[in-house]
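Asks: Below is the structure, and that's it, no one-letter string:
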């Protein structure tokens with residue numbers, strides 16, 4: 001017999017003995033053992049009252065302590081947030097050295113009113129593109145704090161600090177400088193002695209540069225929205241242009257004053273850097289100022305109203321303004337020809353196929369500004385327009401390519417502004433005219449980039465341009 005067989009046999013014998021004992025018990029044998037007493041509610045017990053009072057005092061103590069100063073992100077347990085996965089830095093780079101052109105940051109990391117000095121130690125690399133150790137000593141506790149990051153270079157300088165979580169201490173702001181795409185800022189918060197990089201919610205809103213609009217790429221341009229970020233009065237801001245603008249080569253077609261959507265950036269307890277809608281701003285590129293929009297604000301009109309009207313005819317001579325100065329004249333022996341006098345009194349000549357040419361004395365610098373260039377028209381044929389530029393020892397006519405014809409007729413209005421911008425307005429729906437701006441796209445070609453839609457009180461007079 002095994003041990004497992006013994007256990008059931010013993011249980012059966014016990015059950016039989018207990019049953020026999022129960023049969024001997026009579027009702028009179030069931031008298032109460034103690035007097036019945038009413039139960040007092042548990043909360044009336046003095047011990048419970050004392051314990052409750054102690055808990056209340058403890059809670060009050062916590063509340064009073066909390067009221068004594070603002071909570072900071074480095075001593076508050078973060079609330080869970082599924083969007084946030086903070087990456088804690090490894091303790092590496094103690095023996096790295098700061099590059100001679102790096103600039104230490106100074107900011108109040110621990111909120112005690114004294115600024116810490118943060119040194120940037122660069123990981124050795126041939127191209128100066130290693131990681132960076134951020135290192136400081138906290139003034140309040142004397143303890144060391146550090147972080148490790150990658151900003152694309154070991155030559156580091158910080159932006160102005162921010163207080164993105166409004167807790168009284170400051171966050172360190174560095175930036176990743178991406179020459180192709182503009183780059184973006186990095187925000188570091190002090191948490192338990194570590195400089196931890198905040199996780200960015202909607203990172204596409206916190207960038208700098210021209211961001212292409214999907215589906216707008218063409219052979220000579222694409223449409224982009226301009227993004228920017230900056231620090232102002234301890235707050236991190238970013239913006240995106242309301243309108244998209246055409247860009248090609250080194251040219252972007254946009255007015256001097258534009259309308260932006262703006263955001264302020266807030267740091268949550270969980271370490272998430274999130275955008276807060278700040279409405280509309282108007283940005284003036286001349287003084288780099290940003291101001292709140294008035295109701296119905298739009299981009300300014302492009303400066304196309306002033307027309308370059310000065311020109312010369314056959315037998316005349318003039319100095320062309322704008323760009324590099326040079327002299328031009330029109331001469332006619334058998335057929336008219338354009339003569340341009342270069343530096344050192346060298347001359348180049350181009351025969352013209354029109355009987356009564358005229359040359360504007362303002363250089364079309366928007367098309368070509370790396371040497372002599374002129375716009376040639378005709379006194380008798382308003383549709384005759386040519387852009388001629390000096391290419392080495394010869395003059396060359398640029399061929400118009402792309403979506404727009406270089407014409408001046410019922411559906412097109414073309415003129416040169418007094419600052420050297422060559423513009424064609426193309427009739428659209430209703431009273432609207434789309435402005436197109438010409439630029440050189442190859443050694444022998446030029447194309448127009450689209451701009452704003454405008455209206456005219458008089459389509460023959462660019463000075464009457466207005467918003468539609």
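Replies: Alright, I've got the coordinates. Just so we're clear, the structure is a prediction, and the values are computed from it rather than from any experiment.

Asks: where does the stretch 201-350 of the chain dip in pLDDT?
Replies: Low-confidence segments of the stretch 201-350 of the chain (pLDDT under 70): 323, 343-345.

Asks: give me that answer again for 50
Replies: Within the stretch 201-350 of the chain, no range satisfies pLDDT under 50.

Asks: Check which helices and strands the helix or strand where residue 350 lies sits against.
Replies: In the assignment (DSSP states H and E), residue 350 maps to strand 347-351. Helices and strands touching strand 347-351, by 3 or more CB pairs under 8 Å, 6 or more residues apart in numbering; DSSP states H and E, are strand 336-341, strand 394-397. The C-beta positions use only the backbone N, C-alpha and C, and glycine is treated the same way.

Asks: Of these, give the one that comes closest to residue 270.
Replies: Closest approach to residue 270 among the helices and strands packed on strand 347-351 is made by strand 394-397 (62.8 Å; CB to CB).

Asks: And the next helix or strand past the closest one?
Replies: Counting by DSSP H and E, what follows strand 394-397 is strand 399-401.

Asks: I'd like the average pLDDT over that next one.
Replies: For strand 399-401, mean pLDDT is 97.

Asks: Show me the contact partners of the strand holding residue 350.
Replies: Applying CB atoms under 8 Å, 6 or more residues apart in numbering, the contact partners of strand 347-351 are 335-342, 388, 390, 393-397.

Asks: related to what we said a few turns ago, format the helices and strands packed on strand 347-351 as a markdown table; extra columns: mean neighbour count.
Replies: Shown next, in a markdown table, are those (neighbours: other CB atoms under 10 Å):
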| stretch | mean neighbour count |
| --- | --- |
| strand 336-341 | 19 |
| strand 394-397 | 15 |
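
Asks: In JSON lines, list those along with distance to residue 420.
Replies: What follows is the helices and strands packed on strand 347-351, written out as JSON lines (distance: least, CB to CB, whole Å):
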{"stretch": "strand 336-341", "distance to residue 420": "16"}
{"stretch": "strand 394-397", "distance to residue 420": "18"}
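
Asks: related to what we said a few turns ago, which two from the contacts of strand 347-351 end up farthest apart in space?
Replies: Of all pairs in the contacts of strand 347-351, the most separated under CB to CB is 335 and 342 at 22.2 Å.

Asks: Which of those two has more residues huddled nearby?
Replies: Neighbours per residue, other CB atoms under 10 Å: of residue 335 and residue 342, the larger number sits with residue 342, 15 against 10.

Asks: Which residues are in contact with that one?
Replies: 326, 348, 372, 390.

Asks: Name the pair among those with the greatest separation in space.
Replies: Spanning the widest gap among those are 326 and 348, at 10.2 Å by CB to CB.

Asks: anything in contact with each of these two?
Replies: 340, 342.

Asks: Dig out what residue 282 forms beta bridges with.
Replies: residue 259, residue 291 (DSSP bridges).

Asks: ok, it - contacts?
Replies: Applying CB under 8 Å, 6+ apart, the residues near residue 282 are 257-260, 290-293, 297.

Asks: What about the nearest residue to residue 317 once chain neighbours are set aside? Give its phi and psi, please.
Replies: Leaving aside its chain neighbours, residue 317 sits nearest to residue 329 (4.0 Å; criterion: CB to CB, 6 or more residues apart in numbering). Residue 329 has phi and psi values of phi -150, psi 160 when expressed as degrees, to the nearest 10.

Asks: try residue 204
Replies: phi -70, psi -10.

Asks: Can you report how many residues lie near the spatially closest residue to it that is not a sequence neighbour?
Replies: Nearest residue to residue 204, sequence neighbours excluded (CB to CB, 6+ apart): residue 211, at 7.7 Å. If you count neighbours by other CB under 10 Å, residue 211 ends up with 16.

Asks: and the helix or strand harbouring residue 211, which residues are buried?
Replies: According to DSSP H and E, residue 211 maps onto strand 209-212. With burial defined by 16 or more other CB atoms under 10 Å, the residues of strand 209-212 counted as buried are 209-211.

Asks: which one of those sits closest to residue 253?
Replies: Among those, and counting by CB to CB, the member closest to residue 253 is residue 210, at 11.9 Å.

Asks: for the residue nearest to the closest one when sequence neighbours are not counted, what are its contacts?
Replies: Distances taken as CB to CB, 6+ apart put residue 224 closest to residue 210, at 3.9 Å, once the chain neighbours are dropped. Shown in contact with residue 224 (CB under 8 Å, 6+ apart): 210-213, 244-247, 252.

Asks: Take these and write them to CSV, including distance to residue 416.
Replies: Shown next, in CSV, are the contacts of residue 224 (distance: CB to CB, whole Å):
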residue, distance to residue 416
210, 27
211, 32
212, 30
213, 29
244, 26
245, 22
246, 19
247, 22
252, 20
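
Asks: beta partners for residue 147?
Replies: If you apply DSSP bridges, the partners that residue 147 bridges to are residue 134.

Asks: these two touch, right, it and residue 192?
Replies: No - counting by CB atoms under 8 Å, residue 147 sits too far from residue 192 to count as a contact (11.7 Å).
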